[in-house]
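S.K.: predicted model, plus sequence, below.
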Amino acid sequence: MKFVQLKEDLRRENGYCYLLEGEDLFFIDRATEMIRRKYVAEPSLNESVFDGSALKGDKIVALADALQSLPFMSERRLVRVKDFVPTEKEYKTYLEPLFLSPVETSVLLIVNASPQKKAGGVDWKKKPNVKAVDCSRADETTVVKWIYLTLKRAGVEASVSVCGRIMRYCVFDMARIEKETEKLIAYVGKGELTEQIVDEIVYQDADYKLYEMTNAVAARDSDRFFRIMQDLQSKGYDDMSVLSSLCAYYRGLYEVSVVSGSDRSAAERLGMKEYAVKKNREQARRFPLEKIETWYFSLYDALSEVKSGKRTPKGALAQVVAQILL
């Protein structure tokens, strides 16, 4: 199941083993907390945590013993193990009976943010009484749905376009999206959330502002470019910070333009979020590659000259901005 389906699943029925797989720490942390709240009354007394990479051979007995221990002042206890991929032989020797006949007073939570792909490793999804929760980075539709449902549960009506606006302003960062959504709920109370309210309340991430500045370049709208840059400066960005941010941003545009493969594979190779790669590629297509390359290296050279004392941040920024806009 997807992360967004977990809450309903927990409401409808109980489980014995939950497998959280994926690289999005926001979803993993929230899923863990949701499972903990449902089953454990006193987490400090009824939660055991294991490092799965250290559980080899007969050391797995410690995990099995924890699952068979009785809870204290709670109906269940939580046994949490991270990065746990035993061999099939180890599973059959130490754990299989506990999956075929689960202990009703325990809940096992396996968190494999980056599942190991090894020969002979157990495939948890094929084991009995395992509920797999996909905690990988969500696509745009899933994030917009999460915002929409969170607002709706709080009595706030919002259109899909408004929810997408929140996502874009937060540059797909789920931790920020959650905080901004909570802030909007507190502001609106019960009622309708409009684009005007989002514009007023949600802080637009610096990366989003840089994205909008580059759109202004594509539209040949220098007034809009300078308005956004001045807004960044009013939020504490000095000339050197703006110069550094522009250099990092155009470096990203350049890299996604020259790296081949899907958005996901490019994101893994560049250490970026898939959403950022997708948006950067969409934006980069609006300019010739030669122009993006020139802008990036001009920004890089300007930074180098400022750091060496050859130019002032103000002068370097003014010259590079003029080059970009003209």
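M.R.: Great, that's in hand. Here the structure is a predicted model, which means the values were calculated and not measured.

S.K.: how close does the closest residue to Ala158 other than its chain neighbours get to Arg77?
M.R.: Nearest-residue entry for Ala158: Leu193, 4.1 Å, with adjacent residues in sequence omitted and distances by CB to CB, 6 or more residues apart in numbering. Just so you know, the C-beta spots here come from the backbone N, C-alpha and C atoms, and that holds for glycine as well. Using CB to CB, to the nearest Å, Leu193 is found at 41 Å from Arg77.

S.K.: same question for Leu25.
M.R.: Taken as CB to CB, the span from Leu25 to Arg77 is 24 Å.

S.K.: neighbour count winner among these two?
M.R.: Arg77 (24 against 12; other CB atoms under 10 Å).

S.K.: which residues does the more buried one contact?
M.R.: Arg77 sits next to Val40, Asn46, Glu47, Ser48, Ala66, Ser69, Leu70, Pro71, Thr105, Ser106, Val107 when contact means CB atoms under 8 Å, 6 or more residues apart in numbering.

S.K.: ditto for Val61
M.R.: Tyr94.

S.K.: for it, helix, strand, or coil?
M.R.: Using DSSP: H, G, I helix; E, B strand; the rest coil, the structure places Val61 in helix.

S.K.: so it versus Leu95, what's the distance?
M.R.: 10 Å.

S.K.: show me where pLDDT drops low in the stretch 51-200 of the chain?
M.R.: 114-119 (pLDDT under 70).

S.K.: quick one: the helices in it, in order.
M.R.: Using DSSP state H, counting those that start in this stretch, the helices found in the stretch 51-200 of the chain span residues 60-67, 88-90, 96-100, 140-153, 160-169, 174-188, 195-201.

S.K.: could these be laid out in CSV, adding distance to Glu293?
M.R.: Converted to CSV, these look like this (distance: least, CB to CB, whole Å):
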stretch, distance to Glu293
helix 60-67, 53
helix 88-90, 51
helix 96-100, 55
helix 140-153, 29
helix 160-169, 27
helix 174-188, 31
helix 195-201, 34
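
S.K.: which of those sits closest to Val217?
M.R.: helix 160-169 (18.3 Å; CB to CB).

S.K.: sorry, back to before: can you put the contacts of Arg77 in TSV and add neighbour count and distance to Ser308?
M.R.: Shown next, in TSV, are the contacts of Arg77 (neighbours: other CB atoms under 10 Å; distance: CB to CB, whole Å):
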residue	neighbour count	distance to Ser308
Val40	19	58
Asn46	24	60
Glu47	19	54
Ser48	16	56
Ala66	19	59
Ser69	14	64
Leu70	11	68
Pro71	19	64
Thr105	16	67
Ser106	22	62
Val107	26	59
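
S.K.: let's see which of the residues you listed end up in strands.
M.R.: Glu47, Ser48, Ser106, Val107 (DSSP state E).

S.K.: next up, the contacts around the second one.
M.R.: With contacts taken as CB under 8 Å, 6+ apart, Ser48 has the following neighbours: Ala66, Ser69, Arg77, Leu78, Val79, Arg80.

S.K.: cool, Leu67 as well?
M.R.: Per CB under 8 Å, 6+ apart, neighbours of Leu67: Val79, Leu98, Val103, Ser106, Leu108.

S.K.: out of everything not next to it in sequence, what's closest to it?
M.R.: Spatial nearest neighbour of Leu67, chain neighbours left out: Ser106 (4.7 Å); criterion: CB to CB, 6+ apart.

S.K.: pairing partners for that neighbour in the sheet, please.
M.R.: As for beta bridges, Ser106 partners with Arg77 under DSSP bridges.

S.K.: does it touch Gln68 like I think?
M.R.: Yes - counting by CB atoms under 8 Å, Gln68 is a contact partner of Ser106 at 7.3 Å.

S.K.: returning to what we had before: quick one: closest of the helices of the stretch 51-200 of the chain to Leu289.
M.R.: helix 160-169 (25.0 Å).

S.K.: show me what the closest one is packed up against.
M.R.: Secondary-structure packing of helix 160-169 (3 or more CB pairs under 8 Å, 6 or more residues apart in numbering; DSSP states H and E): helix 140-153, helix 174-188, helix 195-201.
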